[in-house]
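Chemist: Model the structure of this input:
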Amino acid sequence: MPLYLNDEQTMLRDTAKDFVAEHAPVSHLRSLRDKKDEAGFSRDLWKSFAEMGFTGILIGEDEGGLGLGHVEAGIVLEEIGRNLSPSPFLTTAVAAVEALKGSPHAAKYFPGILSGDTVAALAIDEGAKHRDTVALKAERSGNGFKLSGKKQFVTHGHVADLLIVAARTAGSADDAEGITLFAVDRNAAGLTANPERLTDSSLAARIEFDGVEVDADAVIGEIDAGRTPLDRLLRAGRTGASAELLGVGGGAMDMTVGYLKERKQFGVTIGSFQALQHRAAHLYSEMEVARAAVLKAAQLLDQGSDRADHAVSVAKAMTALATTLSVQEGVQMHGGIGMTDEYDIGFYMKRARVLAEMFGDANFHAHKLATLSGY
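Modeler: Prediction:
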């Protein structure tokens, strides 16, 4: 497939661009931060996303959604990233939807996601870094299971209506099999969520499961075979995070280029200095390569290609590196004001740092790609 958007996708991009820029610009993030908002996002804004139909992009038409694909979800996520919009779109409308597809839970939770009433959180990570390991135990108890252990870096975990939890029902923490995925109510007895504010002002929770009891109906997919829905969740989440990172890097680059055209030294705009022109050109080329990688990953996911995992890891690693370059160059080229809280470029650097870690950083995906390639 060509690495550009078709007419319908271009229309979606224009719609999402205008909507997000008007309703959830960077000033919205600054406002939530300054008033120390305890949710980390606006429920009213999430409802507006639903009214626009965005929350149903990956939900089939037979279930009330738009029946579109990861390319279209990435288009919306890029605009979310460009405006640093606090939103549960990535975790709920992308990753959680992919995990729930084909399960009885879809009928239960999709209507709430479509209406903007439901927020999902992903209880996947257990250590300081994202890894493909699961140690939290799910032991048989009566007609269901008892969950014991800890999860962390659970975005919106303290206010979510649904927690998707990866638990160990057989084997050891590093085993690929023996994982079961559960749909857990956040208010379940024995579950404690402690939110912490991250560097980009978003909130993620450390969650403790102290013998949390769930019945057999909470299982997503099959017992001991949760790797299948978990892999769907991770592919979608990683591709979506790459698209959002692309938006963060693009927004920072646009801001920097605009500054180069306006700021004057010695009576001329600093954008006329050859050294800064070279740096801006290098940044542009890196962002365009990352853009192609993200679009290719989304296209292969939509096709169900057996090469999708390779492309997803390439996209996540490349966008992390390119966006890191973009925000660092942005702060440096803005000079002194780039280090101040009054100017927005610093917000882009902080958001990039968090997204780069989400679902695995560049080193994680470089290693994963090498492993997939037989090295």
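Chemist: Please make it C-alpha for all contacts and neighbour counts, starting now.
Modeler: Will do.
Chemist: Show me the strands in the stretch 51-200 of the chain, by range?
Modeler: Along the stretch 51-200 of the chain, counting by DSSP state E, counting those that start in this stretch, strands occupy 120-123, 137-141, 144-155, 162-168, 179-185, 191-197.
Chemist: what would the ones you listed look like in CSV with distance to residue 71 and mean neighbour count?
Modeler: Shown next, in CSV, are these (distance: least, CA to CA, whole Å; neighbours: other CA atoms under 10 Å):
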stretch, distance to residue 71, mean neighbour count
strand 120-123, 21, 26
strand 137-141, 35, 19
strand 144-155, 23, 22
strand 162-168, 24, 25
strand 179-185, 26, 24
strand 191-197, 30, 18
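Chemist: now those strands in CSV, with distance to residue 205?
Modeler: Converted to CSV, the strands of the stretch 51-200 of the chain look like this (distance: least, CA to CA, whole Å):
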stretch, distance to residue 205
strand 120-123, 9
strand 137-141, 19
strand 144-155, 5
strand 162-168, 12
strand 179-185, 15
strand 191-197, 4
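Chemist: With mean pLDDT added, can I get those strands in JSON lines?
Modeler: Shown next, in JSON lines, are the strands of the stretch 51-200 of the chain (pLDDT from 0 to 100):
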{"stretch": "strand 120-123", "mean pLDDT": "98"}
{"stretch": "strand 137-141", "mean pLDDT": "96"}
{"stretch": "strand 144-155", "mean pLDDT": "97"}
{"stretch": "strand 162-168", "mean pLDDT": "97"}
{"stretch": "strand 179-185", "mean pLDDT": "97"}
{"stretch": "strand 191-197", "mean pLDDT": "96"}
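Chemist: Nearest to residue 232, out of those strands?
Modeler: strand 179-185 (11.7 Å; CA to CA).
Chemist: give me the low-pLDDT residue ranges for this protein?
Modeler: Of all residues in the chain, none has pLDDT under 70.
Chemist: hey, which helix is longest across it?
Modeler: helix 227-262 (DSSP state H).
Chemist: report the angle between the axes of it and strand 179-185?
Modeler: Interaxial angle of helix 227-262 relative to strand 179-185 (axes from the mean of the first three to the mean of the last three CA atoms, to 10 degrees): 70 degrees.
Chemist: Just list the residues touching the residue positioned nearest the centre of the chain, thanks.
Modeler: Against the mean C-alpha coordinate of the chain, by CA atoms, centre = their mean, the closest residue is residue 241 at 3.7 Å. The contact partners of residue 241, taken as CA atoms under 8 Å, 6 or more residues apart in numbering, are 77, 90, 316, 355, 358, 359.
Chemist: do the same with residue 166
Modeler: Neighbours of residue 166 in contact, by CA under 8 Å, 6+ apart: 123, 124, 134, 136, 179, 180, 181, 182, 226, 230.
Chemist: ok, which pair from the residues you listed is furthest apart?
Modeler: 136 and 230 (14.5 Å).
Chemist: Mind listing what's buried along the longest helix of the chain?
Modeler: Of the residues in helix 227-262, 227-253, 255-257, 259-260 count as buried by neighbour count, 16 or more other CA atoms under 10 Å.
Chemist: How about stretch 32-49?
Modeler: Applying 16+ other CA under 10 Å to stretch 32-49 flags 32, 33, 39, 40, 41, 42, 43, 45, 46, 47, 48, 49 as buried.
Chemist: What sits closest to the last one if chain neighbours are left out?
Modeler: What it means is residue 49. Leaving aside its sequence neighbours, residue 49 sits nearest to residue 55 (CA to CA, 6 or more residues apart in numbering; 6.4 Å).
Chemist: I'd assumed residue 89 was in contact with that neighbour.
Modeler: Yes. Because the distance of 7.0 Å satisfies CA atoms under 8 Å, residue 55 is recorded as touching residue 89.
Chemist: The two - which one has more neighbours?
Modeler: residue 55 (30 against 25; other CA atoms under 10 Å).
Chemist: quick one: contacts for that one?
Modeler: 49, 65, 89, 93, 113, 114, 115, 116.
Chemist: Pick out the most distant pair among those.
Modeler: It's 65 and 89 that sit farthest apart of those, by CA to CA, at 14.5 Å.
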